[in-house]
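Q: turn this into a model:
(2 chains)
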There are 2 protein chains.
Amino acid sequence: MDLAYDGTDFHGWAAQPGLRTVQGEIEAALAVLIRDPAGPPPRLTVGGRTDAGVHARGQVAHLDVDDALAGRVTARKLGGVLRRTAPDVVIHGIREVPAAFDARFGALTRRYEYRLRGASARRDPLTARFTAEVPRPLDLAAMREASEDLLGLQDFTTFCKAREGATAVRTLLRFDWREAEDGAFVATIEADAFCHSMVRALVGAVVAVGSERIDREQLVSLRDRRERTNRFTVMPAHGLSLEEIAYPPDDELEDRARRTRARRDPLA
Amino acid sequence: MDLAYDGTDFHGWAAQPGLRTVQGEIEAALAVLIRDPAGPPPRLTVGGRTDAGVHARGQVAHLDVDDALAGRVTARKLGGVLRRTAPDVVIHGIREVPAAFDARFGALTRRYEYRLRGASARRDPLTARFTAEVPRPLDLAAMREASEDLLGLQDFTTFCKAREGATAVRTLLRFDWREAEDGAFVATIEADAFCHSMVRALVGAVVAVGSERIDREQLVSLRDRRERTNRFTVMPAHGLSLEEIAYPPDDELEDRARRTRARRDPLA
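A: Residues are numbered from 1 along each chain as shown, chains lettered A, B, ... in the order given. You can find the predicted model right below:
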């Protein structure tokens, strides 16, 4: 299932009792379609779990459905229900995948965008829902340089919320910046996987360089110290959007999921 | 006063008892700043009155303030109040203008943008608040040609809501299309002035050509017939944004306002 959502009015992806979440809304809509009171309730596995307020234009999720009932779950039907119950969710497409497909453990890479505007950029109320505001002028050239310093295979503990027994070694494949039509700066950030709050911490670190609160050398040394710091902040959720998750071809799915499970902690 | 707003949650610009409007919110905030219970309530004159749901990135309004109280009305102070009472309004700047300045009758031109996406474009929940959806595939080249046919000094009665005694003669200076980053088609439409619902009717007419419901010749003949038609629809409000209003230099203001009042009906 390929889908998108405006995260503003959701308490994140993951279903939570009594809270409006993306997973909760879609699973409720799926139950309406599947109409199988005897079977287990529909349960989605997501490619990139998003926090409260984070958006997605390229989210992926999978669902195990009994063969006899699979025909009831089409993008058209699910979109039809969601248009009434959750119009801030868009279903782009649904297709049958091999049993070995796993939206979470099968993913090769995730790509995010982070949109922000500095103090000298004109505020735009139309894009404010998905653009963070930094109350200081920003030096885009300095931010580009700082982002490059963070690329590659590294231990990103400095940028991760600590979790017992979890590794923060990741490969940062891409971290670059462009100016959008409305004058906002947009970061594209891609990695094999991200630990919790890592994208927003990486952007916060680069913004600290771009607003001259720390310099490039200090950022590199903070990274190498591998501990959380208050020298930069984790950026707000609403500037972040999950743009794309890449998967291997169908015939490599099983191998990929097995290797990911073996190699990384379950919080990836 | 240069300002912007997300029109989604407003019943348009014009103050109406019991309804949340842009004018109503700003005038209430101005009253807080001016603190002059003996004086008249603050009353704004706007450059481009917008309907319910229409946005503005480049709105202009003026206010008459007693010299002794003018210092209380700054963009910083007004923005400070509105951040709490109406965060969907942004004040870009406030400056003192010659007495002859009139935000409405002094304007030379107004520029709007209309954003829409056809059936083959990917839906984007983040830009959905300000992008209309057309449930048919659209031919952008045909839309560009049809837009050109409408340029110039013309009687736009076909595209105007009828008003007793009002002329619909306007000069359409610009009507062209670009593709935005998110795949939406964006029209830029500029004229000396617009009659009510004219921008949305013009876009609706061009969309009718782009979706092969009418052809270019039919559009021109509908225009020349100078009467309302059901061959195309008025597009929804939320795709429309007022982007810019142009005014003459300060020393030509008085002359301009006098000529506009004399020449055009009061509904311009």
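
Q: what separation do you get for A:Val134 and chain B?
A: The gap separating A:Val134 from chain B is 16 Å, by CB to the nearest CB, to the nearest Å. (Each C-beta comes from the backbone N, C-alpha and C, glycine too.)

Q: that residue: neighbouring residues, count only.
A: 22 (other CB atoms under 10 Å in any protein chain shown).

Q: near chain B, which residues of the stretch 51-200 of chain A? Just list them.
A: Contact residues, the stretch 51-200 of chain A versus chain B (CB under 8 Å from any CB of the partner chain): A:55, A:57, A:88-90, A:92, A:122-126, A:128-130, A:180-181.

Q: looking at those residues, which are in strands?
A: If you go by DSSP state E, those have A:55, A:57, A:89-90, A:92 in strands.

Q: for these, which one is nearest A:Ala191?
A: A:Arg57 (17.4 Å; CB to CB).

Q: from what I see, that closest one and A:Ser241 are in contact.
A: Yes: counting by CB atoms under 8 Å, A:Ser241 is a contact partner of A:Arg57 at 5.6 Å.

Q: shared neighbours of these two, anything?
A: B:Leu126 (CB atoms under 8 Å, 6 or more residues apart in numbering or on different chains).

Q: please enumerate the strands of the stretch 51-200 of chain A.
A: For the stretch 51-200 of chain A, applying DSSP state E, counting those that start in this stretch gives strands covering A:55-63, A:89-93, A:109-117, A:132-133, A:152-155, A:169-179, A:185-191.

Q: for the stretch 51-200 of chain A, give the residue positioned nearest to chain B.
A: The minimum distance from the stretch 51-200 of chain A to chain B, using CB to the nearest CB, falls at A:Pro125 (4.2 Å).

Q: leaving out chain neighbours, which residue sits closest to that residue?
A: Closest residue to A:Pro125 apart from its sequence neighbours, by CB to CB, 6 or more residues apart in numbering or on different chains: B:Asp6 at 4.2 Å.

Q: for the one you found, give me the backbone phi and psi.
A: The phi/psi pair for B:Asp6 (degrees, to the nearest 10) reads phi -90, psi 110.

Q: what residues are up against it?
A: Neighbours of B:Asp6 in contact, by CB under 8 Å, 6+ apart: A:125-126, A:128, B:55, B:88, B:129-130.

Q: if we use 7 Å, what do you get?
A: By CB atoms under 7 Å, 6 or more residues apart in numbering or on different chains, the contact set of B:Asp6 is A:125-126, B:55, B:88.

Q: of the residues you listed, closest to A:Leu78?
A: For those, the nearest to A:Leu78 is A:Leu126 (28.5 Å; CB to CB).

Q: list of residues touching the helix or strand of chain A with the lowest mean pLDDT?
A: Lowest on mean pLDDT, DSSP states H and E among the helices and strands of chain A sits helix A:253-263, with a mean of 76. With contact meaning CB under 7 Å, 6+ apart, helix A:253-263 is reached by A:98, A:100-102, A:105-106, A:248.

Q: mind doing that once more with 10 Å?
A: Contacts with helix A:253-263, where a contact means CB atoms under 10 Å, 6 or more residues apart in numbering or on different chains, come from A:97-102, A:104-108, A:167, A:169, A:192-193, A:247-249, A:268.

Q: look up phi and psi at the spatially most central residue of chain A.
A: Centroid-nearest residue in chain A, with CA atoms, centre = their mean: A:Leu242, separated by 3.9 Å. With angles defined as degrees, to the nearest 10, A:Leu242 sits at phi -80, psi 120.

Q: try the one 4 residues further on
A: Summarising the backbone geometry of A:Ala246 under the convention degrees, to the nearest 10, its torsions are phi -100, psi 140.

Q: relative to A:Asp64, how far out is the residue of chain A positioned farthest from its centre?
A: Residue farthest from the centre of chain A, counting by CA atoms, centre = their mean, is A:Ala38 at 33.9 Å. Applying CB to CB, to the nearest Å, the value for A:Ala38 to A:Asp64 is 16 Å.

Q: follow-up on the earlier one: show me what the residue nearest to the residue nearest to the centre of chain A when sequence neighbours are not counted is bridged to.
A: Spatial nearest neighbour of A:Leu242, excluding adjacent residues (CB to CB, 6+ apart): A:Ala56 at 4.2 Å. Counting by DSSP bridges, A:Ala56 forms beta bridges with A:Tyr5, A:Leu242.

Q: show me the contacts for A:Ala56.
A: The contact partners of A:Ala56, taken as CB under 10 Å, 6+ apart, are A:3-7, A:13, A:22, A:46-48, A:50, A:89-90, A:112, A:240-245, B:125-126.

Q: any weak-confidence spans in the stretch 51-200 of chain A?
A: For the stretch 51-200 of chain A, the stretches with pLDDT under 70 are A:164.

Q: give me the number of residues near the nearest residue to A:Val134 once chain neighbours are set aside?
A: The shortest distance from A:Val134 to any non-neighbouring residue, by CB to CB, 6+ apart, is to A:Gly118 (5.2 Å). A:Gly118: 20 surrounding residues under other CB under 10 Å.

Q: and for A:Gly39?
A: 12.

Q: surely it touches A:Arg72?
A: No: contact criterion CB atoms under 10 Å: A:Gly39 and A:Arg72 do not qualify, at 11.7 Å.

Q: now the common contact residues for the two.
A: A:65-66.

Q: tell me the contacts of A:Gly24?
A: By CB under 10 Å, 6+ apart, A:Gly24 lies in contact with A:10-11, A:13-18, A:44, A:86.

Q: and for A:Ala146?
A: Residues counted as contacts of A:Ala146 (CB under 10 Å, 6+ apart) are A:139, A:175, A:177, A:202, A:205-210, A:214-216, A:218-220.

Q: neighbour-wise, which of those residues leads?
A: With neighbours taken as other CB under 10 Å, the top of the contacts of A:Ala146 is A:Val206, carrying 31 neighbours.

Q: skipping adjacent residues, who's closest to A:Pro41 in space?
A: Nearest residue to A:Pro41, sequence neighbours excluded (CB to CB, 6+ apart): A:Ala31, at 6.1 Å.

Q: pretty sure the one you found is in a helix, no?
A: Yes: counting by DSSP: H, G, I helix; E, B strand; the rest coil, A:Ala31 is found in a helix.

Q: what number of residues lie near it?
A: 15.

Q: contacts only, for it.
A: Per CB under 10 Å, 6+ apart, neighbours of A:Ala31: A:37, A:39, A:41-42, A:81.

Q: out of those, which are buried?
A: When the contacts of A:Ala31 are checked for burial by 16 or more other CB atoms under 10 Å in any protein chain shown, the buried set is A:42, A:81.

Q: greatest separation within the contacts of A:Ala31: which pair is it?
A: Based on CB to CB, the longest span within those runs between A:Gly39 and A:Val81 and measures 18.0 Å.

Q: mind giving me the domain ranges of chain A?
A: What automatic domain parsing lists as the domains of chain A is A:2-93, A:109-248.

Q: A:Pro248 against A:Pro98, yeah?
A: No: between A:Pro248 and A:Pro98 there is no contact under CB under 10 Å: 11.1 Å.

Q: give me the more crowded residue out of the two.
A: A:Pro248 (15 against 10).
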